[in-house]
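Enquirer: just need the structure, nothing else, for what follows:
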Amino acid sequence: MTDPFAQVAALPGVPEAVADARTSVDRLLGHRILRRRSAEVSTESALRAARASAALEGVSVPLDELRRGAAAQGEAAVPADPIVQGALRVSAELGTLTDTWRRAPRQVLARLHVLAAADAVEAEELGRPRLEGQDAKDFLGLGERPAPEEVAVRLDSLSTLLTQQTKAPAIVVAAIVHGELLALRPFGWGDGIIARAAERLTLVDRGLDPKSLTAPEVGHAELGDEYVRTLRGYIGGTSEGVAAWIRHCAAAVTVAARDSLAICEAYLRG
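Expert: Residues are numbered from 1 along each chain as shown. Here you go, the predicted structure:
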């Protein structure tokens, strides 16, 4: 049986980028504050993930504003923009979906769409792939999207691969999940939020970051133009474009680990 994920993992520059990211995450996981405050770091990371994911969809909200809203324990305390609300709901519930992700990824994707798009689409559209002629938002300017028939085939293929064994590192699998979902834009609204959440979920599920202490979304947002440029390269389908995208995702994990390390240091200082 072929292992497509492993084939991607061997592309030029990918092993080195993945190794660098793994070193950064391991450095974070060794921080002494995590022995007693890992849950707090995970919560703060999730908040930063939501903010970064919303920013990549074009809506910027100060982190302190989101933090105050979380402390108030109510969605009404944070901006009512549906993108922000959707990103917050996705980030908050992600930890409950880990056990289902590898055995039923389509089910999890549907749930992520319900969370992301609850304030933006009709109830009967929630959790359902888009239909022919249905509008699809393109916040990242990725261009023409595949037809629903192609989306269905490729989603089935991706889901099948995720339930099989692979020798590829978690970062490679997560990057492909992220890239493929944005190439397909299967739901038409909230696809970016869903794709980035699925990437983080894959990193948790496959053991790179089991406590969800890092937020790759933060890395993607910080790397800015490179995110969209390499994503377009992945969608183009060349081996060079795919390799550049994987390297970018590894770099985003490195940035995220550094950000979470700063959170740990801040907690340590009190």
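
Enquirer: tell me if I'm right that residue 184 and residue 146 touch.
Expert: Yes: applying C-beta atoms under 8 Å, one finds residue 184 in contact with residue 146, separated by 5.8 Å. C-beta coordinates here come from the backbone N, C-alpha and C atoms, glycine included.

Enquirer: give me the most central residue, this protein.
Expert: Centroid-nearest residue in the chain: residue 196, 1.9 Å away (criterion: C-alpha atoms, centre = their mean).

Enquirer: let me know the distance separating it from residue 31.
Expert: Counting by C-beta to C-beta, to the nearest Å, the separation of residue 196 from residue 31 is 24 Å.

Enquirer: repeat that for residue 204.
Expert: Separation of residue 204 from residue 31 (C-beta to C-beta): 18 Å.

Enquirer: between these two, which is the more surrounded one?
Expert: Comparing residue 204 with residue 31 by other C-beta atoms under 10 Å, the one with more neighbours is residue 204, at 22 against 19.

Enquirer: which residues touch the more buried one?
Expert: Neighbouring residues of residue 204 by C-beta atoms under 8 Å, 6 or more residues apart in numbering: 94-95, 98, 210-212.

Enquirer: of these, buried ones?
Expert: Buried residues within these, counting neighbours by 16 or more other C-beta atoms under 10 Å: 94, 212.

Enquirer: give me every residue that touches residue 228.
Expert: 140-142.

Enquirer: next SSE downstream of the helix or strand where the residue nearest to the centre of the chain lies?
Expert: Secondary structure from DSSP states H and E places residue 196 in helix 191-205. For helix 191-205, the following helix or strand on the C-terminal side (DSSP H and E) is helix 216-223.

Enquirer: so which elements touch that next one?
Expert: For helix 216-223, the packing partners by 3 or more C-beta pairs under 8 Å, 6 or more residues apart in numbering; DSSP states H and E come out as helix 34-56, helix 191-205, helix 239-269.

Enquirer: now render these as JSON lines, adding mean pLDDT and distance to residue 19.
Expert: Shown next, in JSON lines, are those (pLDDT from 0 to 100; distance: least, C-beta to C-beta, whole Å):
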{"stretch": "helix 34-56", "mean pLDDT": "95", "distance to residue 19": "22"}
{"stretch": "helix 191-205", "mean pLDDT": "97", "distance to residue 19": "15"}
{"stretch": "helix 239-269", "mean pLDDT": "97", "distance to residue 19": "9"}
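
Enquirer: can you say which of those helices is packed in most?
Expert: helix 191-205 (a mean of 27; mean count of other C-beta atoms under 10 Å).

Enquirer: show me how far that one is from its chain's centre.
Expert: Its chain's average C-alpha position is 3 Å from that of helix 191-205, according to C-alpha atoms, centre = their mean, to the nearest Å.

Enquirer: quick one: work out the angle between that helix and helix 216-223.
Expert: Angle between the axes of helix 191-205 and helix 216-223 is 120 degrees (criterion: axes from the mean of the first three to the mean of the last three C-alpha atoms, to 10 degrees).

Enquirer: next, the angle from helix 191-205 to helix 239-269.
Expert: With the same axes, to 10 degrees as the basis, helix 191-205 and helix 239-269 are set at 70 degrees to each other.

Enquirer: which SS state does the closest residue to residue 243 other than its chain neighbours fall under?
Expert: Excluding its sequence neighbours, the residue lying closest to residue 243 (C-beta to C-beta, 6 or more residues apart in numbering) is residue 11, at 3.9 Å. Here residue 11 is recorded as coil under DSSP: H, G, I helix; E, B strand; the rest coil.

Enquirer: ok, residue 135 next?
Expert: Here residue 135 is recorded as coil under three-state DSSP.
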